[in-house]
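**Q** after the sequence you'll find the predicted model.
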Amino acid sequence: MNQKYLDIFILSLKHYFREYDHAEPEIGVPFVKKGDDIFLEMTACISISGEYRGAVYVTLSKNMIKEIAKMVLGGNLLEDIDLVDMAGEFTNIITGNARENLGSGFHISVPLVISGSIQNIHLPRLNQPVYVIPFSWKNENAYLFVGLDTL
Amino acid sequence: MKLLIVDDSNISVVILKGAIQKFASKLDLEIIGQAENGIQALEIFKKEMPDFVTMDVNMPEMDGLTALDEMMKLKPDVKVIIISGLSDKSTALDAMERGAVGFIQKPFTEDKLNAAFQKLLG
């Protein structure tokens, strides 16, 4: 995986927030995952198949998910909003939008959302390292992980 | 005219319903149900035979394009609008070739939906 792939996912992230006319997230300097991941309160994972192999996952705080829900609902945060659903749909759209650049051979699964503390996510053995893209928005930090091999 | 909403994300359904309800009476649309996967959608479709369907693609159990194929067999004049985060052109073209009348990319806002619906159904 090279810089091109990282740029594609950064573009997807920015596009998501821009669509709702809100300030774009601040993107930190991407780094290579070493050892255990950094996990926040909710983590949504999507596995990748087709012409690629690997996974994309996003870990976020509940506060950030609530803020995202408020944004997409036009400021009206429902009391019974399903944060698991919001985290999954957010990750699904960020990953799905990457197909614009990665093509139809980039197959994505439905999101799997893990709530609470986890120590690590073990991906299939990849030839390429897993990259971490830190981003912050509304004073909350989150991390997008991209582990992809091209077949 | 009857409309069925198919999406596995409840938050997307909430946004869709909110947007559609604002122009439903103008277009004589009535939301008759919602489904969270293709199988559930087909069950409702067979009972209600809706005129319009909004269809997500990436869903568990049965994806939206497979459900679209089945719906076109059951009711060839049904108008299916694909609403998906899969943003590549080939997914949109594939959906159109299978009989969909429109493709709206997620993320979407109410304004974007309103404009697309007015254009497609108005």
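**A** Received, thanks.
**Q** I figured residue B:41 hits residue B:55, correct?
**A** Yes. Counting by CB atoms under 8 Å, residue B:55 is a contact partner of residue B:41 at 7.4 Å. The way it works is simple: take the backbone N, C-alpha and C, and place the C-beta from them, glycine included.
**Q** which residues do the two both contact?
**A** B:6, B:67 (CB atoms under 8 Å, 6 or more residues apart in numbering or on different chains).
**Q** compare those two (neighbour count), which wins?
**A** Per other CB atoms under 10 Å in any protein chain shown, whichever of residue B:41 and residue B:55 has more neighbours is residue B:41, with 29 against 25.
**Q** what about chain B, any weak spots by pLDDT?
**A** Residue ranges of chain B with pLDDT under 70: B:122.
**Q** show me where it has helices.
**A** B:10-23, B:38-48, B:64-74, B:89-97, B:110-121 (DSSP state H).
**Q** nearest to residue A:87, of those helices?
**A** For residue A:87, the closest of the helices of chain B is helix B:10-23, at 10.0 Å, according to CB to CB.
**Q** by proximity to chain A, which residue of chain B wins?
**A** residue B:85 (3.1 Å; CB to the nearest CB).
**Q** tally up the residues packed near the residue lying closest to that residue once chain neighbours are set aside, please.
**A** On the basis of CB to CB, 6 or more residues apart in numbering or on different chains, the spatially nearest residue to residue B:85 that is not a chain neighbour turns out to be residue A:96, at 3.1 Å. Burial of residue A:96 is recorded as 24 neighbouring residues (other CB under 10 Å).
**Q** state the pLDDT value of residue A:78.
**A** Here, the pLDDT recorded for residue A:78 equals 66.
**Q** likewise for residue A:81?
**A** Turning to residue A:81, the model gives it a pLDDT of 69.
**Q** and if you look at residue A:1?
**A** Turning to residue A:1, the model gives it a pLDDT of 61.
**Q** is chain B within reach of the helix or strand that contains residue A:133?
**A** In the assignment (DSSP states H and E), residue A:133 maps to strand A:131-137. No. Strand A:131-137 lies out of reach of chain B by CB under 8 Å from any CB of the partner chain, never closer than 14.4 Å.
**Q** tell me how far the next helix or strand after that strand is from the chain's mean position?
**A** Sequence order places strand A:140-150 as the next helix or strand after strand A:131-137, per DSSP H and E. The chain centre lies 6 Å from the centre of strand A:140-150; the measure is CA atoms, centre = their mean, to the nearest Å.
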